[in-house]
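Visitor: just need the structure, nothing else, for what follows:
(one chain, ligands or ions: 2)
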Amino acid sequence: MDLIYAEATPSGRGGVSVVRISGEGAKSVAERMAGPLPKARHAYLREILDGDDLLDRALVMWFEAGRSFTGEEVVEIHLHGAPVIVRRLGQVLRAQGLRMAEAGEFTRRAFLHGKMDLSEVEGLGDLLAAETESQRLAALRMSHGELARKADGWRSLLIRASALVESSVDFADEDVPEKVPDEVFGLLDEFKAELDFQIGGYAAAERVRNGFEVAIIGPPNAGKSSLINRIARREVALVSDIAGTTRDIIELRLDLRGLAVTLLDTAGLRDARDELESRGIDRARHRAEAADLRLHLSPHGKADSSLWQDGDLVVASKADLHPHVDGLSVSSVTGTGLDQVLDGIFDILSQKAAGAALISRERQLNALLAARAVIEDVHGLEAELLAEAIRQAAASLDHLLGRIGAEDYLEVIFTSFCIGK
Ligand SMILES: Nc1nc2c(c(=O)[nH]1)N(C=O)[C@@H](CNc1ccc(C(=O)N[C@@H](CCC(=O)O)C(=O)O)cc1)CN2
Ligand SMILES: Nc1nc2c(ncn2[C@@H]2O[C@H](COP(=O)(O)OP(=O)(O)OP(=O)(O)O)[C@@H](O)[C@H]2O)c(=O)[nH]1
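Guide: Ligands and ions are numbered 1, 2, ... in the order given. Next up, the predicted model:
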């Protein structure tokens with residue numbers, strides 16, 4: 001594989017810029033510029049030379065093939081963080097025949113050399129995209145192989161089951177119908193329970209990864225836009241005392257005490273006065289129905305019964321104008337009650353988040369559903385068919401970890417990566 005390089009740190013001015021080189025010969029490329037680098041994984045402060053020209057004084061280290069992030073020989077040059085220095089180094093490297101890496105190419109090489117499986121690559125992608133603590137934690141677990149280790153455990157169950165089935169075939173008396181040992185079904189039931197647990201917790205994990213949706217709904221002029229503005233601490237939605245101001249849905253991405261949440265401001269619910277308002281209300285209803293939680297907002301703290309779902313939150317608005325009512329109330333003018341409303345949302349969503357599985361992508365879900373489907377009705381199957389079902393379940397696990405069929409998927413995932421990762 002050819003030698004590639006890229007800036008690993010974000011481009012621009014900063015304290016330090018790291019340029020990474022990967023591929024066979026990376027070390028000699030670096031030694032030509034920086035002098036001898038005797039020990040792998042040791043940082044050397046060196047003058048980086050372009051011929052006789054001093055390019056920078058930098059920290060340089062190398063990693064031997066097989067013991068690096070990509071699995072190839074890797075060099076890191078930690079330069080002063082000025083774009084002009086990075087640019088100059090790039091020129092020198094290209095002059096030596098190196099090529100600038102594509103987005104995700106270092107990680108792709110790590111995958112190709114078995115340093116990471118597909119779930120770890122996905123976890124790394126999530127980690128780089130994480131905006132909140134819960135996203136960071138879930139991504140970190142995934143990128144450190146937690147799902148991969150689980151899947152290896154399941155694979156061991158299948159291997160044991162498969163060995164038991166084989167032995168029942170091998171030693172069966174020709175005249176007596178072979179009997180599959182009960183233990184096989186015990187193992188498969190155990191596997192099935194693990195799959196069910198992950199499949200059952202997929203939706204919550206997906207929400208943690210992509211964010212929960214909370215729709216603020218209520219009659220016109222209830223103060224929905226004012227509330228979302230107060231939470232955003234800026235004017236994301238227009239506020240007016242004209243009923244029916246909000247028509248389209250306005251989204252606000254929030255880090256709510258570590259959870260990623262999208263708040264939706266929606267059109268006030270009433271019999272629409274015109275076509276445009278009517279379309280806005282339809283939209284509001286659809287999004288509200290599909291949301292993870294509805295916050296019913298109105299001056300008197302009444303819920304909209306046509307959109308009510310168990311566990312919804314009811315909040316009285318304009319608390320500065322109205323006497324205290326039972327339950328939650330908020331004033332977007334004074335801010336009274338705002339923390340309690342946010343706490344209320346957080347409590348409900350964090351309960352949902354607590355049910356999160358490890359799998360959080362549709363691709364992962366599909367792999368597990370496929371495994372689940374082939375072992376659904378195995379009880380009483382004869383040995384040959386049973387062995388085949390177990391093989392197929394194991395193949396689904398191979399899909400999960402990208403041992404089969406990863407190529408197309410990698411293309412998709414790496415387009416979301418930066419150059420240098
Ligand atoms: N300077 C620097 N910092 C970094 C990275 C990096 O590449 N360079 N990372 C890049 O993402 C992350 C750390 N991840 C890394 C993962 C594996 C290896 C590595 O060398 N693995 C070898 C050796 C393992 C060992 O000796 O324990 C291997 O897996 O064989 C290095 C960094 C975050 N910080
Ligand atoms: N006193 C007081 N007035 C408020 C409060 N919240 C909103 N208002 C006022 O109520 C009116 C309607 O507020 P909006 O936030 O536009 O209400 P909305 O629910 O988004 O209205 P639609 O877009 O018509 O559905 C505006 O005049 C706001 O200034 C509040 O907490 N206290």
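Visitor: please name the nearest non-neighbouring residue to residue 322.
Guide: residue 299 (6.0 Å; Cβ to Cβ, 6 or more residues apart in numbering). Placement of C-beta: from N, CA and C, glycine included.
Visitor: kindly report the same for residue 220.
Guide: residue 268 (3.0 Å).
Visitor: the strands in the stretch 251-400 of the chain, which residues?
Guide: 259-265, 293-298, 313-316, 328-329 (DSSP state E, counting those that start in this stretch).
Visitor: for those, which one sits closest to ligand 1?
Guide: Closest to ligand 1 of these, according to Cβ to the nearest ligand atom: strand 259-265, at 22.5 Å.
Visitor: and the closest one, how far out from the chain's middle?
Guide: 17 Å (Cα atoms, centre = their mean, to the nearest Å).
Visitor: do the same with stretch 361-368
Guide: That offset, for stretch 361-368, works out to 13 Å (Cα atoms, centre = their mean).
Visitor: quick check: mean pLDDT of it?
Guide: Per-residue pLDDT over stretch 361-368 has a mean of 97.
Visitor: repeat for stretch 124-131
Guide: Stretch 124-131 comes out at a mean pLDDT of 96.
Visitor: and the residue of the stretch 101-250 of the chain found nearest ligand 1, what does it touch?
Guide: Across the stretch 101-250 of the chain, no residue is closer to ligand 1 than residue 115, which sits at 5.4 Å (Cβ to the nearest ligand atom). For residue 115, the contact set (Cβ atoms under 8 Å, 6 or more residues apart in numbering) comprises 69, 70, 71.
Visitor: tell me the one of those residues nearest ligand 1?
Guide: residue 69 (4.2 Å).
Visitor: per-residue confidence at the residue nearest to that closest one when sequence neighbours are not counted?
Guide: Counting by Cβ to Cβ, 6+ apart, residue 69 lies nearest to residue 110, which is 5.9 Å off, once chain neighbours are set aside. We have a pLDDT of 97 for residue 110.
Visitor: does residue 110 sit in a helix, a strand or a coil?
Guide: Of the three states, residue 110 takes helix under DSSP: H, G, I helix; E, B strand; the rest coil.
Visitor: poorly predicted segments of the chain, please.
Guide: For the chain, applying pLDDT under 70 flags the ranges 170-178.
Visitor: for it, which residues are neighbours of ligand 1?
Guide: Listed as neighbours of ligand 1 in the chain under the rule Cβ under 6 Å from any ligand atom: 18, 63, 67, 68, 69, 76, 115.
Visitor: packing partners of the helix or strand hosting residue 208?
Guide: Assessed by DSSP states H and E, residue 208 sits inside helix 202-210. Secondary-structure packing of helix 202-210 (3 or more Cβ pairs under 8 Å, 6 or more residues apart in numbering; DSSP states H and E): helix 133-143, strand 259-265, helix 338-353, helix 362-374.
Visitor: most neighbours per residue, which of the ones you listed?
Guide: By mean neighbour count, with neighbours taken as mean count of other Cβ atoms under 10 Å, strand 259-265 ranks first of the helices and strands packed on helix 202-210 at a mean of 22.
Visitor: can you list the strands that that strand pairs with?
Guide: Strand 259-265 sits in its sheet next to strand 212-217 (parallel), strand 250-256 (antiparallel), going by DSSP bridges.
Visitor: just put the ones you listed in CSV and tack on mean neighbour count.
Guide: What follows is the strands paired with strand 259-265, written out as CSV (neighbours: other Cβ atoms under 10 Å):
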stretch, mean neighbour count
strand 212-217, 25
strand 250-256, 17
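Visitor: include distance to ligand 2 when you put the ones you listed into TSV, please.
Guide: Listed next are the strands paired with strand 259-265 as TSV, based on distance: least, Cβ to the nearest ligand atom, whole Å:
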stretch	distance to ligand 2
strand 212-217	8
strand 250-256	9
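Visitor: and the helices in this structure, which stretches?
Guide: Remark: helices assigned in the chain by DSSP state H are 26-34, 83-95, 105-112, 118-129, 133-143, 146-170, 182-200, 202-210, 224-232, 275-290, 338-353, 362-374, 383-400, 407-414.
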